[in-house]
Every structure is written in C-alpha cells, then in structure tokens.
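Trainee: sequence first, then the predicted structure, then my questions.
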Amino acid sequence: MKWLRITPALTGIATCGFLLVQVAPHAREAGALLAAQDDPAVLSELKLDALLRQNEGLVQDNIEAALAAGDADLADSFVALARDRNIALPDDVLSRVSDAVKTENSTSHFAKRFVTGLVTGNADDVASLSGTVTGDLFVFGDIRDVVREGKHLAMGEDTDRLVLALAAAGLAVTAATYVSVGGAAPVRAGLSLVKDARKVGRLGEGLAAWAGRSAREVVDAPMLRNAVASGSVLRPGQTVSAIKAAFRAEKAGALVRLGKDVTRVAGKTGTRGAMDTLRIAEGPKDVARAARLAEAHGGKTRAIMKLLGRGALLLATGAFNLTLWLFGAALTLFGLLSSIKATTEGLTQAWCDRRRARRLRRAQIAAEASLANAAATA
C-alpha cells in the first residue's frame with residue numbers, strides 16, 4: 001500500500017523524462033534561433049547546420065545546377081561553403097568549377113559584358129555592372145533611362161515610375177560624386193544595381209513597393225515631367241540641370257542608405273549576390289541584414305542565400321512557434337521536477353512512518369517486558 005502512494009509520482013518521472021528527451025533538442029534549437037534572430041550571420045549558421053545535417057549532398061547538387069545554368073560565381077560560392085563545412089567534393093567537380101570561373105573572368109568575356117552594361121544599362125555580373133556604373137557616372141545611362149521612361153509618361157503609355165525616379169536620383173548623386181571626388185560613388189553603384197534589378201525583374205515586390213514610395217517623395221513629379229519633355233541624350237548638360245531641379249535631396253536619406261547597403265553586399269558577394277539580395281528582400285531592413293551577412297561570410301553568402309532564401313536574413317519560422325517549443329520544454333521540466341518532489345516526499349514519509357512504527361513496537365515490547373517482570377516479582 002505504501003508503494004501504491006508513490007506509483008503515480010514514479011509514473012510521472014518516467015513520462016516527463018521521456019518527453020523531455022524528445023523535446024529538449026527542439027527547445028535548444030529554438031532557443032538558439034530566438035537568441036540569434038537579430039544576427040543574420042549566426043542565424044544562417046544555425047539554419048545551415050540543421051539543413052546540411054539532413055542532406056550534405058545539397059552542396060554538390062547545387063554546384064551541378066549552377067554549372068548547368070552557366071553561373072560559375074554561384075558554383076564557386078558553393079565550393080567555398082563546402083570547404084568551410086569540411087564537405088568533400090569530387091576532384092572533377094572542383095576542376096569544372098575552376099575552369100568555369102576562369103572563363104567567366106577572362107578578358108574577352110569581361111569586355112563583352114562591360115559593353116553590354118554600358119549600352120543597355122542592364123547588369124548581371126561584375127563586368128556589366130562596371131559598364132552600367134560607368135554609363136551612369138557619365139550621366140549617359142541615367143539620362144537614357146529618364147528620357148525613355150519620361151517619354152512614356154508624357155505620351156500616357158505604361159511607365160516604370162520607379163526606374164524613372166531612381167534615374168533622376170542617380171543624376172543628383174552623380175553630381176555629388178564629382179563634387180566629393182568619388183565620395184558618393186558607393187551610393188551611385190548601389191542605386192544603379194537597384195535600378196537594373198528593377199528593369200530585369202529581379203527586385204522583390206516588397207522592396208519595389210518601398211522604393212516606389214521613397215522615390216515619389218524625393219522627386220517633384222510635375223517638374224520632372226517638364227524636364228523630361230525637353231530632355232535629350234544629345235543635350236546632357238541642359239537635361240541634367242532640369243532633372244536635378246526636380247530632385248528633393250533632403251528627402252533622399254532612405255534611398256541613399258539603401259544604395260550604400262546594396263554596395264556593401266556587392267563588395268563582398270559580387271553583383272549577382274547583390275541581385276539575389278534584391279530579389280528576396282522585402283524592404284531596406286532586409287538589405288541591411290544581407291550586408292551584415294555578406295560581411296561575415298564573404299564568398300559563401302550566395303550559396304547560403306540560395307539554400308536558405310530569405311530565411312538567411314531573419315526567422316522564417318514564427319517566433320511564436322519557437323516559443324512554444326521552449327514553453328513545452330519548461331512545462332515538461334516542471335512536471336519532471338514536481339514528480340521527483342512528490343516521489344521524494346512519498347519516500348521520506350514512508351521512511352518516517354517506518355521509524356515511528358519501529359519506535360512504537362519497541363515501546364510496546366518494553367512495556368510488555370515490564371509487566372512480565374512485575375508479575376514475576378509479585
């Protein structure tokens with residue numbers, strides 16, 4: 001009967017102990033993710049650990065896919081990730097990646113992509129971005145975009161107002177670049193990348209919406225429309241002066257910060273890495289997080305973002321779900337400790353009852369012995 005009193009407590013210990021073993025790993029991971037939610041570098045490391053534990057073959061599979069798509073830079077990023085994670089890769093895979101990188105960085109390829117970026121204003125690698133930024137620094141690129149989109153606006157046709165506003169902002173920043181002898185060049189390059197990402201459909205919807213709102217604030221639309229109506233690539237000086245007058249520099253702080261962050265990403269991951277960031281970003285905070293991630297992981301960043309997507313920048317799983325794991329672990333631990341407490345109290349009570357019973361038996365025996373001696377004496 002005494003053991004029956006502690007049986008529920010012993011059952012509680014066994015049950016809660018089993019549940020705690022099952023819940024503890026998830027709770028530990030949830031706690032680490034919640035603690036790292038404001039640090040994209042640590043957060044991405046934790047998520048990579050979980051992902052690659054399930055399938056290390058993901059790295060080689062992505063290298064093969066990148067090579068098949070002609071993206072040597074992404075393949076090289078996965079090689080860097082494999083090296084960092086001590087993941088072995090076949091020699092033939094490493095050789096093919098090395099050859100693809102050499103081809104992509106060759107002088108003839110660079111020159112061809114540079115001219116493409118200069119003439120079309122579209123950038124998807126370092127060479128074409130160099131051409132795009134060169135064109136924008138000499139105002140050719142921005143005037144070309146402003147005049148093209150401005151003519152659409154004047155004729156009532158479909159107009160990409162974001163490209164129009166970014167080009168106008170670029171002209172003003174270009175002027176600042178010359179005045180500061182290159183001091184504003186990082187912003188200029190970043191704005192060119194945002195503009196190019198928009199033109200080739202690689203700007204995320206959330207970021208595009210934010211950039212559109214910011215652009216509307218920094219551009220006087222009626223004044224810009226008048227400037228565009230008389231603007232021409234053949235009259236750059238007159239066109240730039242008219243467009244600059246429509247630009248509200250005092251309200252361009254957010255766009256300037258975006259341009260700087262995009263340039264920080266590009267500086268560590270390359271142009272395609274910056275394009276990847278702009279595609280998944282939902283706002284300027286995501287781009288700022290990507291800049292911190294790129295500064296921490298360098299050439300591995302493209303591979304990380306390819307595997308994790310926007311989850312590399314912030315918690316993809318809701319904080320509420322992660323908190324539930326912690327709450328469940330805490331509740332199970334409380335149940336285990338309560339069961340241990342109840343068992344300890346039950347065993348202590350049984351031990352005390354046993355000692356009390358022994359004392360009573362001894363006292364009874366002593367009393368009986370005394371009576372017997374008294375009877376014998378009488």
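Mentor: Ah, there it is. Numbers count the residues shown, from 1 in each chain.
Trainee: distance-wise, check Lys268 relative to Glu64.
Mentor: Distance check for Lys268 against Glu64: by CB to CB, to the nearest Å, it reads 25 Å. (Glycine included, C-beta is placed from N, CA and C.)
Trainee: more neighbours: which of the two?
Mentor: More crowded of Lys268 and Glu64, by other CB atoms under 10 Å: Lys268, with 21 against 14.
Trainee: would you agree that one is in contact with Ile304?
Mentor: No. Using CB atoms under 8 Å, Lys268 makes no contact with Ile304, being 11.8 Å away.
Trainee: and the end-to-end length of stretch 47-65?
Mentor: Terminal residues of stretch 47-65 are spaced 22 Å apart (CA to CA, to the nearest Å).
Trainee: could you look up the SS state of Leu203?
Mentor: Per DSSP: H, G, I helix; E, B strand; the rest coil, the secondary structure class of Leu203 is coil.
Trainee: thought it was touching Arg279?
Mentor: Yes. When contacts are counted by CB under 8 Å, Leu203 is listed as touching Arg279 (7.1 Å).
Trainee: list residues touching both of those two?
Mentor: Ala197 (CB atoms under 8 Å, 6 or more residues apart in numbering).
Trainee: the residue nearest to Leu258 when sequence neighbours are not counted - how many residues pack around it?
Mentor: Closest residue to Leu258 apart from its sequence neighbours, by CB to CB, 6 or more residues apart in numbering: Pro284 at 5.0 Å. Close neighbours of Pro284, defined as other CB under 10 Å, add up to 19.
Trainee: who's in contact with Pro284?
Mentor: Pro284 makes contact with 207, 210, 254, 257-258, 261, according to CB under 8 Å, 6+ apart.
Trainee: in the stretch 151-300 of the chain, where is pLDDT below threshold?
Mentor: 151-157, 159, 161, 171-188, 200, 219-247, 249-250 (pLDDT under 70).
Trainee: can we see that at 90?
Mentor: 151-260, 262-264, 266-276, 278-284, 298-299 (pLDDT under 90).
Trainee: can you show me the strands along it?
Mentor: Taking DSSP state E, counting those that start in this stretch, the stretch 151-300 of the chain contains no strands at all.
Trainee: what strand or helix carries the nearest residue to Leu67 once chain neighbours are set aside?
Mentor: Nearest residue to Leu67, sequence neighbours excluded (CB to CB, 6+ apart): Ala75, at 5.1 Å. Using DSSP states H and E, the element containing Ala75 is helix 72-84.
Trainee: ok, Leu293 to Arg279 distance?
Mentor: From Leu293 to Arg279 the distance is 15 Å (CB to CB).
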